[in-house]
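> Just need the structure, nothing else, for what follows:
(one chain, ligands or ions: 2)
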Amino acid sequence: MSDMETQRLASDASGVRSAAEILRSGGLVAFPTETVYGLGADARDGQAVARIYEAKGRPAFNPLIVHVGSLEAAQRHGVFNSDMLRLAHRFWPGPLSLVVPLAPDHGLSPLVTAGLDTVALRVPAHPLAQALLSAFDGPVAAPSANPSGRISPTTADHVLAGLSGRIDAVLDGGACTVGLESTIVGGTPLALLRHGGVAQEEIEALTGPLSKAGGGITAPGQLASHYAPRAALRLDANRANPDELLLGFGAVTGDLNLSPTGDLVEAAANLFGHLHALDAQGKPIAVAPIPDTSLGRAINDRLRRAAAPR
Ligand code: TXA
Ligand code: MG
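Ligands and ions are numbered 1, 2, ... in the order given. Alright, predicted model coming up:
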């Protein structure tokens, strides 16, 4: 997918309006935050989120940070204990992401959390990010706006150098002031999951010493391996054995189908939700072959991890 024309949107009211429109229609917009540029999509729209992975060429699904305009908005999606509330009051808006349990009616696509039951939330301070979140009035999933494996972008030119032709637009807000990703805190006991824009000392001044053990959370980047169905998973199956449920793709119909038309974006959007739904029935799951191209690589990576002996 490198055939679309990527618009550079000016940092004025009309640029912000256009950016919000693109998000509303399921498109991808890079936007400045005070840390780095994020590649945004509607966090409730699984297909839009799948396009983030496609545009970045990410070979695996990592959970993404969900950006919202306020703590109040964040509490629609996640549950905040007293430590998390104090951190939010002290450092939001700002370069801190908080990993909290998903709220009951969180409304987010399971692709955003890579099937986990926690979500990373952040209220960015950059005025353009704030303007976009307020115009869009919904949660925006956004990893750094760079191709997978490349350096995080701190200008709109960096974004275009890496992703031009693969995303709808970049909202040009000049250079980011922090230039380093947000600090990530989460888990029980509370742990520092990634160093970033807020110093560990500043956080510990509020919470006391952070755990070094990772709060029961694997280092970010390896998290996708955490979710696996309880049942055994068998890959590359064209039909189910008598005791199995079949997760279909394309012409391999199955009990549930990731994408009857063989669309990998749709399949990615459905992956975690369908796995959860089949797993809830408590039987082993057979999975139809998925082409190992484009987003299919990330889907297959995820499926192989889920199928691995544990
Ligand atoms: O400054 C930033 O944080 C930038 C801007 C755009 O906000 N975003 C960013 O996103 O750096 P990304 O996708 O490059 O990094 C997100 C990190 C990943 O390492 C991921 O594993 C971790 O956040 N993460 C997301 N959800 C998580 C969760 N539920 N539990 C633990 N870690 C999580
Ligand atoms: Mg990144």
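
> going forward, measure contacts and count neighbours with C-alpha atoms only.
Fine.

> Low-confidence ranges, the stretch 151-300 of the chain, go.
By pLDDT under 70, the weakly predicted segments of the stretch 151-300 of the chain are 213-228.

> If we use 50, what do you get?
Counting by pLDDT under 50, the stretch 151-300 of the chain shows low-confidence ranges at 219-226.

> for it, what spans make up the strands?
169-171, 183-186, 191-194, 233-234, 245-248, 256-257, 285-287 (DSSP state E, counting those that start in this stretch).

> Quick one: list the elements packing against the first one.
The one in question is strand 169-171. strand 7-9, helix 13-24, strand 29-32, helix 156-163 (3 or more CA pairs under 8 Å, 6 or more residues apart in numbering; DSSP states H and E).

> Only the buried residues of the first one, if you could.
When burial is assessed from 16 or more other CA atoms under 10 Å, strand 7-9 yields the following buried residues: Gln7, Arg8, Leu9.

> Leaving out chain neighbours, which residue sits closest to the second one?
Spelled out, that is Arg8. Val170 (5.1 Å; CA to CA, 6 or more residues apart in numbering).

> most packed of the strands of the stretch 151-300 of the chain?
A comparison of the strands of the stretch 151-300 of the chain by mean neighbour count, using mean count of other CA atoms under 10 Å, puts strand 169-171 on top with a mean of 28.

> Direction included, what does that one pair up with?
Partners of strand 169-171 in the sheet, by DSSP bridges, are strand 7-9 (parallel), strand 29-32 (parallel).

> Quick one: residues in contact with the first one.
So the one you mean is strand 7-9. Gly15, Val16, Ser18, Ala19, Asp168, Ala169, Val170, Leu171, Asp172 (CA atoms under 8 Å, 6 or more residues apart in numbering).

> now those as CSV including distance to ligand 1?
Listed next are the contacts of strand 7-9 as CSV, based on distance: CA to the nearest ligand atom, whole Å:
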residue, distance to ligand 1
Gly15, 19
Val16, 17
Ser18, 19
Ala19, 16
Asp168, 17
Ala169, 15
Val170, 13
Leu171, 13
Asp172, 14
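
> would JSON lines of those residues with distance to Ala161 be doable?
Converted to JSON lines, the contacts of strand 7-9 look like this (distance: CA to CA, whole Å):
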{"residue": "Gly15", "distance to Ala161": "20"}
{"residue": "Val16", "distance to Ala161": "21"}
{"residue": "Ser18", "distance to Ala161": "21"}
{"residue": "Ala19", "distance to Ala161": "19"}
{"residue": "Asp168", "distance to Ala161": "14"}
{"residue": "Ala169", "distance to Ala161": "13"}
{"residue": "Val170", "distance to Ala161": "11"}
{"residue": "Leu171", "distance to Ala161": "14"}
{"residue": "Asp172", "distance to Ala161": "13"}
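
> how about stretch 131-145 against ligand 1, any contact?
Yes: for a cut-off given as CA under 6 Å from any ligand atom, stretch 131-145 has contacts with ligand 1, namely Ala142, Pro143, Ser144.

> closest to ligand 1 among those?
For the residues of stretch 131-145 next to ligand 1, the minimum distance to ligand 1 (CA to the nearest ligand atom) is 3.3 Å, reached by Pro143.

> how many other residues sit next to that closest one?
Using other CA atoms under 10 Å, Pro143 is surrounded by 24 other residues.

> Just the pLDDT for it.
Looking at Pro143, its pLDDT reads 96.

> Hmm, Gly40 and it touching each other?
Yes: with contacts counted by CA atoms under 8 Å, Pro143 reaches Gly40, the gap being 7.4 Å.

> Domain boundaries for the chain, per the record?
When the chain is parsed with automatic domain parsing, its domains come out as 7-222, 228-307.
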